[in-house]
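Q: I would like to see how this sequence folds:
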Amino acid sequence: QVQLQESGPGLVKPSQTLSLTCTVSDVSITSSDYAWSWIRQPPGKGLEWMGVIAYDGSTYYSPDLKSRTSISRDTSKNQFSLQLYSVTPEDTAVYYCTRRRKLAFEVWGQGTLVTVSS
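A: Residues are numbered from 1 along each chain as shown. The predicted structure is shown next:
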């Protein structure tokens, strides 16, 4: 059974970089069947897609976040990571890593709350 697990600090100071890692079990992130995304949900708001890394390592980002977002991977650890630069309190959210197959986000991590505060 495929599992995704987010990890990283739960508190980040304004202007710093938010860094999260998603560890994937039971399927390789290099499988051409899937792509791997980050999605977040601020308190009281809807889901926001942030970006994706494909099986070949290519990346695509939300236009709204592109200037501040980077997604990378470590294939030896079967992990992919998110970096969000120059964070503000508006970046406080539950962050999810997900597996996408075709147009469906079919597997989600449990989510991790990241609070941006001094």
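Q: helices and strands of this protein: which one bottoms out on pLDDT?
A: strand 104-108 (a mean of 94; mean pLDDT, DSSP states H and E).
Q: and Gly57, what is it in contact with?
A: By C-beta atoms under 8 Å, 6 or more residues apart in numbering, the residues touching Gly57 are Arg73. The C-beta positions use only the backbone N, C-alpha and C, and glycine is treated the same way.
Q: and if you look at Trp49?
A: Trp49 touches Ser37, Trp38, Ile39, Ser62, counting by C-beta under 8 Å, 6+ apart.
Q: drop anything exposed from the residues you listed.
A: Ser37, Trp38, Ile39 (16 or more other C-beta atoms under 10 Å).
Q: quick one, phi psi at the residue nearest to the last one when sequence neighbours are not counted?
A: Same thing as Ile39. Nearest residue to Ile39, sequence neighbours excluded (C-beta to C-beta, 6 or more residues apart in numbering): Tyr96, at 4.8 Å. Main-chain torsions, Tyr96, degrees, to the nearest 10: phi -120, psi 140.
Q: one step back: using CSV, write out every CA atom in the least confident helix or strand of the chain.
A: Output of strand 104-108 as CSV, limited to C-alpha atoms (Å, rounded to 0.1, in the frame of the first residue of the first chain):
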residue,chain,number,x,y,z
ALA,A,104,-6.5,12.4,-10.1
PHE,A,105,-4.8,13.2,-6.9
GLU,A,106,-5.3,9.6,-5.7
VAL,A,107,-3.0,9.3,-2.7
TRP,A,108,-2.4,12.0,0.0
